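Enquirer: no sequence for this one, just the structure:
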Ligand SMILES: NC(=O)c1ccc[n+]([C@@H]2O[C@H](COP(=O)([O-])OP(=O)(O)OC[C@H]3O[C@@H](n4cnc5c(N)ncnc54)[C@H](O)[C@@H]3O)[C@@H](O)[C@H]2O)c1
């Protein structure tokens with residue numbers, strides 16, 4: 001028999017799985033985080049978060065101590081859990097198409113542990129049609145399958161989860177009702193959707209945001225071409241004119257979701273909507289644009305360049321698919337002397353903030369961590385501030 005009060009989260013030691021597990025334990029479920037990342041499992045069981053997540057450490061320690069949350073690599077632990085939530089990654093390949101082999105392989109492994117009353121809920125961001133394929137793989141063993149896409153901003157799960165609506169789609173009414181009961185405890189706002197609708201809602205949302213950023217980046221490039229300052233222009237556009245309020249700042253926009261999900265969407269429509277590809281080209285092309293722009297103005301072989309802030313977004317320690325990292329790689333490939341530094345991320349190539357400022361002739365603001373705003377850069381330094389972040393008050 002499975003236990004209604006027990007939930008297994010696969011990918012439970014990941015950026016989505018861990019905070020979701022904390023949220024579910026907090027509201028009374030015994031939660032088992034199942035993952036194949038042994039390093040993260042150990043950290044979690046010692047009450048330490050493997051990555052930055054606002055407000056998590058204290059509560060994680062308490063839940064582990066009270067045995068309401070536990071991490072393991074043993075997939076067979078799903079046997080007792082009524083609900084199994086899937087939060088494993090859904091990457092794309094070099095050609096920007098979904099790489100689903102490992103994802104589906106997981107369901108072939110899971111199948112042998114499933115009983116009829118198990119409920120499998122997918123939380124990962126998936127390529128449309130994925131739930132249908134999962135149904136084909138595990139459907140004979142289990143007929144309760146739902147898709148409830150995760151929509152929090154990474155790092156803010158514990159703050160946001162209860163406040164945002166939850167899209168819930170089941171392959172049948174029973175699946176929907178069961179999934180609704182769980183997510184209703186997290187957020188009172190449940191929105192019912194069909195599976196195909198839920199799959200598209202997640203991808204459309206990320207493509208929409210990614211496209212917004214790309215428009216600002218396009219305007220930034222247009223301004224630079226004419227020696228104009230886009231951040232200043234943006235400020236004037238927004239001031240006292242509400243219709244322009246949603247124009248994002250220009251800047252590096254990257255990370256594990258927006259780009260990947262826009263490409264999943266493009267791939268689903270067999271790349272026939274070229275606008276999606278162009279959005280990608282603008283955002284992903286920004287490091288190259290910055291390099292070419294600097295190269296026109298300066299003899300870069302004689303300059304040392306610092307990239308300040310390396311994570312994919314501010315106040316995060318995550319460098320997955322980060323454009324500042326891509327900027328560093330590009331500069332190095334051009335044989336330019338590069339210094340890089342980040343408040344939250346350190347490795348053998350990073351240096352201190354002080355050294356970066358001292359050594360670099362040109363400083364590119366990669367990630368706009370709050371603390372960098374306070375820096376008074378020496379007048380002799382050339383600072384590339386794509387979003388006009390240092391000018392903001
Ligand atoms: N990161 C975000 O902000 C965010 C937001 C919404 C949705 N999502 C989606 O959630 C999913 C997970 O993203 P993430 O950022 O948490 O990724 P992640 O890489 O941080 O976490 C995935 C975890 O799954 C584990 N894993 C992979 N295969 C496994 C297997 N077969 N068995 C057990 N564990 C396995 C990995 O070890 C890893 O810990 C993706 O589909 C992503 O698009 C992410």
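Expert: Thanks, I have the structure now. The model shown is predicted, which means the values in this text are computed figures rather than measured ones.

Enquirer: Buried residues, the lengthiest helix in the chain. List them.
Expert: Secondary structure of the chain per DSSP state H: the longest helix is helix 195-225. Using 16 or more other C-beta atoms under 10 Å as the test for burial, helix 195-225 gives 195, 198-203, 205-207, 209-214, 216-221, 223-224. In short, each C-beta sits where N, CA and C put it, glycine included.

Enquirer: tell me what it is packed against?
Expert: helix 130-138, strand 145-147, strand 166-170, helix 230-238, helix 258-268, helix 274-284, helix 286-297 (3 or more C-beta pairs under 8 Å, 6 or more residues apart in numbering; DSSP states H and E).

Enquirer: Show me the residue of this structure that gets nearest to the ligand, please.
Expert: residue 14 (2.0 Å; C-beta to the nearest ligand atom).

Enquirer: contacting residues for the closest residue to residue 14 other than its chain neighbours?
Expert: Excluding the flanking residues, the one nearest residue 14 by C-beta to C-beta, 6 or more residues apart in numbering is residue 87, at 5.9 Å. Listed by C-beta atoms under 8 Å, 6 or more residues apart in numbering, the contact set of residue 87 reads 9-12, 14, 16-17, 20, 123-124, 150.

Enquirer: Out of these, which comes closest to residue 160?
Expert: Nearest to residue 160 out of the contacts of residue 87 is residue 150 (C-beta to C-beta; 10.4 Å).

Enquirer: neighbours of the closest one, just the number please.
Expert: Using other C-beta atoms under 10 Å, residue 150 has 23 other residues around it.

Enquirer: That one and residue 20 touch, don't they?
Expert: Yes. If you go by C-beta atoms under 8 Å, residue 150 and residue 20 touch, sitting 7.1 Å apart.

Enquirer: ranges for the strands of the stretch 251-393 of the chain?
Expert: All strands of the stretch 251-393 of the chain, identified by DSSP state E, counting those that start in this stretch, fall at 304-308, 337-341, 362-365, 382-384.

Enquirer: any chance of these in JSON lines, plus mean neighbour count?
Expert: Listed next are the strands of the stretch 251-393 of the chain as JSON lines, based on neighbours: other C-beta atoms under 10 Å:
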{"stretch": "strand 304-308", "mean neighbour count": "26"}
{"stretch": "strand 337-341", "mean neighbour count": "22"}
{"stretch": "strand 362-365", "mean neighbour count": "24"}
{"stretch": "strand 382-384", "mean neighbour count": "16"}
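
Enquirer: Mind putting these into JSON lines with mean pLDDT?
Expert: Converted to JSON lines, the strands of the stretch 251-393 of the chain look like this (pLDDT from 0 to 100):
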{"stretch": "strand 304-308", "mean pLDDT": "98"}
{"stretch": "strand 337-341", "mean pLDDT": "98"}
{"stretch": "strand 362-365", "mean pLDDT": "98"}
{"stretch": "strand 382-384", "mean pLDDT": "97"}
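
Enquirer: In CSV: the ones you listed, plus distance to the ligand.
Expert: Output for these, formatted as CSV (distance: least, C-beta to the nearest ligand atom, whole Å):
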stretch, distance to the ligand
strand 304-308, 23
strand 337-341, 23
strand 362-365, 22
strand 382-384, 27
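
Enquirer: near the ligand, which residues of this structure show up?
Expert: 10-11, 13-17, 34-37, 40, 87-90, 106, 124-125, 150, 154, 256-257 (C-beta under 6 Å from any ligand atom).

Enquirer: sec struct for residue 94, please.
Expert: Assigned by DSSP: H, G, I helix; E, B strand; the rest coil, the conformation of residue 94 is coil.

Enquirer: Tell me how far it lies from residue 332.
Expert: Distance, residue 94 to residue 332, using C-beta to C-beta, to the nearest Å: 20 Å.

Enquirer: Show me which of these two is the more surrounded one.
Expert: Taking neighbours as other C-beta under 10 Å, residue 94 and residue 332 compare with residue 332 leading, 14 against 6.

Enquirer: which residues does the residue lying closest to that one once chain neighbours are set aside bridge with?
Expert: The spatially closest residue to residue 332, leaving aside those adjacent along the chain, is residue 338, at 5.6 Å (C-beta to C-beta, 6+ apart). The partner list for residue 338 in beta bridges (DSSP bridges) reads residue 305.

Enquirer: wait, isn't residue 338 in contact with residue 329?
Expert: No. Here residue 338 does not reach residue 329: they are 9.1 Å apart, not a contact under C-beta under 8 Å.

Enquirer: Name the residues that touch whichever strand in the chain runs longest?
Expert: Longest strand in the chain by number of residues (criterion: DSSP state E): strand 3-10. The contact list for strand 3-10 (C-beta under 8 Å, 6+ apart) reads 17, 20-21, 24, 28-35, 75, 77-78, 80-88, 106, 110, 182.

Enquirer: now do 7 Å
Expert: 17, 20-21, 24, 29-34, 77-78, 80-88 (C-beta atoms under 7 Å, 6 or more residues apart in numbering).

Enquirer: Pairing partners for that strand, with directions?
Expert: By DSSP bridges, strand 3-10 pairs with strand 30-34 (parallel), strand 81-86 (parallel).

Enquirer: what's downstream of it, the next helix or strand?
Expert: Remark: after strand 3-10, the chain's next helix or strand is helix 17-26, criterion DSSP states H and E.

Enquirer: No further questions, thank you.
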